[in-house]
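**Q** Would you be able to build a 3D model of this:
(4 chains)
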There are 2 protein chains.
Amino acid sequence: MLSKKTKYGLKALTFLANQKNREPVQIAEIANHENISQKFLESILLTLRKTGFLGSKKGKGGGYYLIKDPQDIPMTTVMRVLEGPIALVPCVSLNFYEKCSDCPDEEKCSVHKLMIQVRDSTLQVFGDNTLADLMS
Amino acid sequence: MLSKKTKYGLKALTFLANQKNREPVQIAEIANHENISQKFLESILLTLRKTGFLGSKKGKGGGYYLIKDPQDIPMTTVMRVLEGPIALVPCVSLNFYEKCSDCPDEEKCSVHKLMIQVRDSTLQVFGDNTLADLMS
DNA sequence: TGCCTACTCTATTAAATCGATAGGGTATAG
DNA sequence: CTATACCCTATCGATTTAATAGAGTAGGCA
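**A** Numbers count the residues shown, from 1 in each chain, chains lettered A, B, ... in the order given. Take a look at the predicted model:
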């Protein structure tokens, strides 16, 4: 299941990408438009700014704005930042690899084999889509 | 993330499918072989029996055994039974559909569009694989 | 019949995660 | 200098997850 964090983050990014210009948009405006808890969104936008997707401006007339071109923001990156690993099990994760505590030999694990296929097909989708593809 | 329940369930199914005959195998044996908490596995096997994948026999010499042919058990079915919806958001789920509380119009939702693609590609993988493909 | 074995079922619990909220801090425009 | 709006940490309640406990029931066998 996709976390609300990721869902809200994607919506916010899309909303910002859909702005005519790259002027700062206030958190409150995004939150209202997308029906998101403002405080929760605050923390998500903060993450997205620290990752380098968004810029921010403080004070009156401040807000968040997109830094990069939407087509230069692949979904793989966004998903990894917001949701974490794309793989369904840590032992097949490319960026967040972890050994399973059960499983003496992961090459022989039946789940492992299946999950690699799922990972690759999901990766394909996220690799094919950028923020530009989510825009209206 | 895949739940332990699903992971264990898949391992147990594979283990049973790999048996030479369809004689009952005790929970304890499966649990030991796959490094699974026996009590936890108990409840998983119960679910799999009620769903119709497994049969069981009580008393001495009892245990669980596969009822169907491995190639007649598609991963889509197993995943839905153990893990629940395959879709990452309820609003794109085919078998567990639910409307999002945010989202006035899901056709216009950017997340929706993306998640349909993920669902379809995952569905493809699970549709292509049966329990027979997980066997050694 | 009596006993052992092994599945059946419900309830409980500890830990982790999630979504949301609170509240004070800080930079900037005007 | 003051109002605005982002910055940041802490906390909280609810839910879910994984595991455990323990009593119940059916079956095989002497």
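
**Q** Going by C-alpha atoms from here, please, whenever you check contacts or count neighbours.
**A** Fine.

**Q** From the centre of chain A, give me the residue that's furthest out.
**A** Residue farthest from the centre of chain A, counting by CA atoms, centre = their mean, is A:P104 at 33.0 Å.

**Q** which residues in chain A form strands?
**A** Assigned by DSSP state E, chain A shows strands spanning A:54-57, A:63-66.

**Q** what does the last one rub up against?
**A** Applying CA atoms under 8 Å, 6 or more residues apart in numbering or on different chains, the external contacts of strand A:63-66 come out as A:13, A:16-17, A:22-27, A:45, A:53-57.

**Q** Kindly supply the PyMOL command isolating those of the residues you listed that are buried.
**A** The PyMOL selection below is limited to those of the contacts of strand A:63-66 classed as buried (16 or more other CA atoms under 10 Å in any protein chain shown):
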select buried, chain A and resi 13+16+17+23+24+25+26+27+45+53+54+55+56
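
**Q** Get me the contact residues on chain A for chain B.
**A** A:1-2, A:7, A:10-11, A:14, A:34-36, A:87-89, A:102-103, A:108-111, A:113-114, A:117-118, A:121-122, A:125, A:129, A:134-136 (CA under 8 Å from any CA of the partner chain).

**Q** 7 Å instead?
**A** Within chain A, the positions near chain B by CA under 7 Å from any CA of the partner chain are A:1-2, A:7, A:10-11, A:35, A:88-89, A:102, A:110-111, A:117-118, A:121-122, A:125, A:134-135.

**Q** Write a PyMOL command that selects only the buried members of those residues.
**A** To isolate the buried ones among the residues of chain A next to chain B in PyMOL, judged by 16+ other CA under 10 Å, type:
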select buried, chain A and resi 7+10+11+88+89+110+111+117+118+121+122+125+134+135
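
**Q** so of the residues of chain A next to chain B, which ones are in helices?
**A** Among the residues of chain A next to chain B, the members falling in helices (DSSP state H) are A:7, A:10-11, A:110-111, A:117-118, A:121-122, A:125, A:134.

**Q** about what we covered before: of the contacts of strand A:63-66, closest to B:P70?
**A** Checking those against B:P70 with CA to CA, the nearest one is A:L13 at 44.3 Å.

**Q** Can you get me a residue count around the closest residue to A:R80 other than its chain neighbours?
**A** Closest residue to A:R80 apart from its sequence neighbours, by CA to CA, 6 or more residues apart in numbering or on different chains: A:I86 at 6.6 Å. Counted by other CA atoms under 10 Å in any protein chain shown, the residues lying close to A:I86 total 23.

**Q** again, but for the one 4 residues further on
**A** A count of nearby residues for A:P90, using other CA under 10 Å, gives 19.

**Q** do A:R49 as well
**A** 17.

**Q** In contact with the spatially closest residue to A:L2 that is not a sequence neighbour, which residues are there?
**A** Excluding the flanking residues, the one nearest A:L2 by CA to CA, 6+ apart is B:L88, at 5.1 Å. B:L88 makes contact with A:1-2, B:115 under the criterion CA atoms under 7 Å, 6 or more residues apart in numbering or on different chains.

**Q** what about B:L88, distance to B:K99?
**A** 13 Å (CA to CA, to the nearest Å).

**Q** State the distance from the residue farthest from the centre of chain A to B:E34.
**A** Counting by CA to CA - A:P104 and B:E34 are separated by 9 Å.

**Q** for A:Y97, same thing?
**A** Here A:Y97 is placed at a distance of 21 Å from B:E34 (CA to CA).

**Q** of those two, who's got more company?
**A** B:E34 (18 against 13).
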